[in-house]
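Trainee: here is my input; please provide its structure:
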Amino acid sequence: MTAVNPNREIDAKIVLAIRAGDAGAYRELVEKYQSRIYAMVCGMVRDREEAHDLTQDAFVKAFKNLERFRLEASFYTWLYRIASNLSIDWLRKQKRRKHDEFDEAKAARDSTGMIDPVYQKQSPGKAMERSQLKERIFDAMETLSPEHRQIVLLREVEGYSYAEIADVMGIPEGTVMSRLFYARRKLQGLLREDMEAVS
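Mentor: Okay, the predicted model is just below:
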């Protein structure tokens, strides 16, 4: 017998209420998942303003397509898929744009959004080391394809299982495992090269 997911049932009731004409009930879903969706999008696009816009776009798109949502599915997984697809589309457009532009912003990027407040209390040297390490990791992440970046975020940041990632991305579990293996290996190689160049 399959265990009942209470969270899924609550979300399904809210969706039914919206479909019945209570559009205001959608606010509950927005408040419930907004910060998690924003965190994922921000990790994908590395631009706070764009992440806000894309998060909003994801909720608007989900609302417009609510009739297509299967009530037995997880609303969060469905919403996550919409948001991640929008992020991937945005990244691809940016990549195409960068072919025609010299990326001067790379060296002058404002990385303050990447430093956790807890590190600010430490010595300036330690805080700088940590921010530089974080910056190197995110720079390395940028070299991955959007799909590989998404899979790393789902596994390492969101803590999703292989089965959950397969569900979110709509791919077989074996593909999840091979993509994750490739992404981790590439990141490790890039970070190793980076550390050797610094030392």
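Trainee: tell me where this structure has helices.
Mentor: 6-19, 26-45, 48-64, 75-98, 117-120, 124-142, 146-152, 162-169, 173-198 (DSSP state H).
Trainee: can I get the ones you listed in JSON lines including mean pLDDT?
Mentor: Shown next, in JSON lines, are those (pLDDT from 0 to 100):
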{"stretch": "helix 6-19", "mean pLDDT": "92"}
{"stretch": "helix 26-45", "mean pLDDT": "92"}
{"stretch": "helix 48-64", "mean pLDDT": "94"}
{"stretch": "helix 75-98", "mean pLDDT": "86"}
{"stretch": "helix 117-120", "mean pLDDT": "42"}
{"stretch": "helix 124-142", "mean pLDDT": "66"}
{"stretch": "helix 146-152", "mean pLDDT": "86"}
{"stretch": "helix 162-169", "mean pLDDT": "87"}
{"stretch": "helix 173-198", "mean pLDDT": "81"}
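Trainee: just say which of the ones you listed is most tucked in.
Mentor: Counting by mean count of other CB atoms under 10 Å, helix 146-152 has the highest mean neighbour count of the helices of the chain, with a mean of 20. The C-beta positions use only the backbone N, C-alpha and C, and glycine is treated the same way.
Trainee: and that helix, what does it pack against?
Mentor: Contacts defined by 3 or more CB pairs under 8 Å, 6 or more residues apart in numbering; DSSP states H and E place helix 146-152 against helix 26-45, helix 75-98, helix 124-142, helix 162-169, helix 173-198.
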